[in-house]
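Participant: Test case, fold it:
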Amino acid sequence: MDSQKEALQRIITTLANKNEDLHNFMETLSHSLAGVQVNSTQVVSDLEEEFDRLFTILVEMKESMINTIKQEGAKKTQEIQNQLTQSSDALESAEELLEFANNALDVQDEDEFTKAAKQIKDRVTMASAFRLTMKPKVTDNMNHLMVDFTQERQLLQNLKFLPVPWAPEMEVGDCLVLDNTVSVAWKMPVEDSKIDHYILEYRKTDHEGLPRIKDQRCWEVVDNIKTTEYSLSGLKFDSKFMNFRVRACNKAAAGEYSDPVTLETRAFNFGFDSSTSHLNLKVEDRTVEWDPQGGKGLESKVKGKENKGSAHLTNLKNMSRSGTPSPKRTLTTRSPAIRGSRDRFTGESYTVLGDTSMDCGQHYWEVKALKDCKSYSVGVSYRNLGKFDQLGKTNTTWCIHINNWLQSSFAAKHNNKAKSLDGTAPGRIGVFCDLDSGQLSFYNAETKQLIHTFKAKFSQPVVPAFMVWCGGLSLSTGMQVPSAVKSFQKDENGLAGSNSSLNSMAQ
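Facilitator: Here you go, the predicted structure:
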């Protein structure tokens, strides 16, 4: 009966997943249908605009060429008209001279005849008819302005849509997610020498499989990629997956997108749990800073409502006893109005926990001390850590402690035992928590050199834990376990040599 129920439950889960996939597919189709209508209207509008430009050019060219013909015709007409006028004037003068010459033949007086003949000779010498060029300056031929648009007509008849590249194919086997870097590769289904560049688009998602239309995260674009591979480095993995797609572009147009590929980008993401923080700690998104004035406004309100309140007066302790310096007489009060899921830390426990617990698997995060931080601790703890308890002083906390106040110290702490560590504390510390093998390791985040390893059988889920006094810490999450750390852990088989002296059986 139980096995049948389990089998039926698996079937129900499969059907529910399939229904969700079908809903997503139908949304994709509906989105594509709307896109076809919108894009069809757009390309028709673009086509009409292009043809209008062609028509405008043709009309402008026609008007320009007609104007040229008219100007040429007017020029020739003017030249011929000028020659006609000159010829007409010459003809009129010649006819008058001819008549005068004919009349001279009838003169009987010899002197008069001689005089008339001389006048005729002089007038003939100066007559425009004899000086006028009898060759037309222009012809009526207009063949030099004829056109033949045969080739242009052929070009117009060969107008076609732009050649668009094929959609690339993602090389899933060559895609790699490593050290918060994603490398993707693709290829063209057919060789295309006209491809100029590629456009890669990616977005984060918490859904496995094909991209969802209603995914609220927008695609981010990397343009002008000249090769068939690309790497995105320095990413924060704050989603379970990332979608990738690529398209090829030639000088004219961009082609279709490739089929998208979804790559897993799981990492440990958490923040500071401000409900646990000591009132002298100021907690923001990714930082926690010491605030000696923290909680004073709340204290006065609490003291006004409560007769004596529940105040804890702390004195400056010797460093060898507490390991954590404390300020001069700090009064801390916790009011029910500011309580979270558990009590705030108080007294000398200037502590804040992470807001996400770990019960299995491998996790990694990094912590950087802000400038001039006097004292801080980084490690893990069970969530039920007492509000007065300090990191490393109980059997449910593991940490490394850095003190730069009065006498510098660098130590690993657990169960009120401390082991001095060699060298100086790095500016950035990587924390590797492997709950499956029961290890908590600290690394120099820059060089990935091992600092110290605790071995413990964690009997409860643990949370990241931090202590800070007179300074601040900056937190980096959403990080994969670095490959160098994985390799080191594998080579050492979980052992950290002499650094593992504070091994424990967690209670």
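
Participant: Quick check, C399 in contact with L391.
Facilitator: Yes - between C399 and L391 there is a contact under Cβ atoms under 8 Å: 4.4 Å. Yep, even glycine has a C-beta here, placed from its N, CA and C like the rest.

Participant: ok, the two, which is more surrounded?
Facilitator: Set C399 next to L391 and count neighbours by other Cβ atoms under 10 Å: L391 wins out with 30 against 27.

Participant: a strand runs through that one, doesn't it?
Facilitator: No - counting by DSSP: H, G, I helix; E, B strand; the rest coil, L391 falls outside a strand, being coil.

Participant: residues in contact with it?
Facilitator: Residues near L391 by Cβ atoms under 8 Å, 6 or more residues apart in numbering: 349, 351, 377, 379, 381, 397, 399, 401, 413, 465-467.

Participant: Output the residues you listed as CSV; include the columns secondary structure, distance to F270 and pLDDT.
Facilitator: Shown next, in CSV, are the contacts of L391 (DSSP: H, G, I helix; E, B strand; the rest coil; distance: Cβ to Cβ, whole Å; pLDDT from 0 to 100):
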residue, secondary structure, distance to F270, pLDDT
S349, coil, 20, 94
T351, strand, 15, 97
S377, strand, 17, 97
G379, strand, 14, 98
S381, strand, 13, 97
T397, strand, 17, 97
C399, strand, 16, 98
H401, strand, 21, 97
K413, strand, 22, 97
A465, strand, 11, 97
F466, strand, 11, 97
M467, strand, 17, 97
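
Participant: before we move on, back to that, overlap in contacts of C399 and L391?
Facilitator: Contacts common to C399 and L391, judged by Cβ under 8 Å, 6+ apart, are 377, 379, 413, 465, 467.

Participant: What sits closest to the last one if chain neighbours are left out?
Facilitator: This means M467. S377 (3.9 Å; Cβ to Cβ, 6 or more residues apart in numbering).

Participant: now the one you found: how far from T276?
Facilitator: Relative to T276, S377 is positioned 15 Å away (Cβ to Cβ, to the nearest Å).

Participant: Turn the shared contacts of C399 and L391 into a markdown table, including neighbour count and distance to V44.
Facilitator: Shown next, in a markdown table, are the shared contacts of C399 and L391 (neighbours: other Cβ atoms under 10 Å; distance: Cβ to Cβ, whole Å):
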| residue | neighbour count | distance to V44 |
| --- | --- | --- |
| S377 | 26 | 68 |
| G379 | 25 | 66 |
| K413 | 23 | 73 |
| A465 | 25 | 64 |
| M467 | 27 | 67 |
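
Participant: Which two of those have the greatest separation?
Facilitator: K413 and A465 (11.4 Å; Cβ to Cβ).

Participant: Spit out the residues that contact the two alike.
Facilitator: Each of 377, 379, 391, 397, 399 lies in contact with both K413 and A465 under the rule Cβ under 8 Å, 6+ apart.

Participant: List the beta-bridge partners for the residue lying closest to the fourth one once chain neighbours are set aside.
Facilitator: Once flanking residues are discounted, T397 sits nearest to S381: 4.3 Å by Cβ to Cβ, 6+ apart. Applying DSSP bridges to S381 yields these beta-bridge partners: T397, V463.

Participant: Surely S381 touches G392?
Facilitator: No - S381 lies out of contact with G392 (Cβ under 8 Å); the separation is 9.5 Å.

Participant: any shared contact partners between these two?
Facilitator: By Cβ under 8 Å, 6+ apart, S381 and G392 have these common neighbours: W398.

Participant: Looking at these two now, which is surrounded by more residues?
Facilitator: G392 (26 against 23).

Participant: Grab the nearest non-local neighbour of that one.
Facilitator: Spatial nearest neighbour of G392, excluding adjacent residues (Cβ to Cβ, 6+ apart): K413 at 2.6 Å.

Participant: Quick check: beta-bridge partners of that neighbour?
Facilitator: For K413, the beta-bridge partners are C399, A418 (DSSP bridges).

Participant: residues contacting the residue positioned nearest the centre of the chain?
Facilitator: With distances taken as Cα atoms, centre = their mean, the residue of the chain nearest its centroid is E220 (4.5 Å). By Cβ under 8 Å, 6+ apart, the contact set of E220 is 201-203.

Participant: Would you mind giving the secondary structure of I57?
Facilitator: Strictly by three-state DSSP, I57 counts as helix.

Participant: With Y198 instead?
Facilitator: Three-state assignment for Y198 (three-state DSSP): strand.

Participant: Isn't it up against N250?
Facilitator: No - using Cβ under 8 Å, Y198 is not in contact with N250, being 10.9 Å away.

Participant: quick one, which of these two is more surrounded?
Facilitator: More crowded of Y198 and N250, by other Cβ under 10 Å: Y198, with 25 against 17.

Participant: Skipping adjacent residues, who's closest to that one in space?
Facilitator: I225 (4.4 Å).

Participant: quick one, phi/psi of the spatially closest residue to L132 that is not a sequence neighbour?
Facilitator: Closest residue to L132 apart from its sequence neighbours, by Cβ to Cβ, 6+ apart: A90 at 4.9 Å. With angles defined as degrees, to the nearest 10, A90 sits at phi -70, psi -40.
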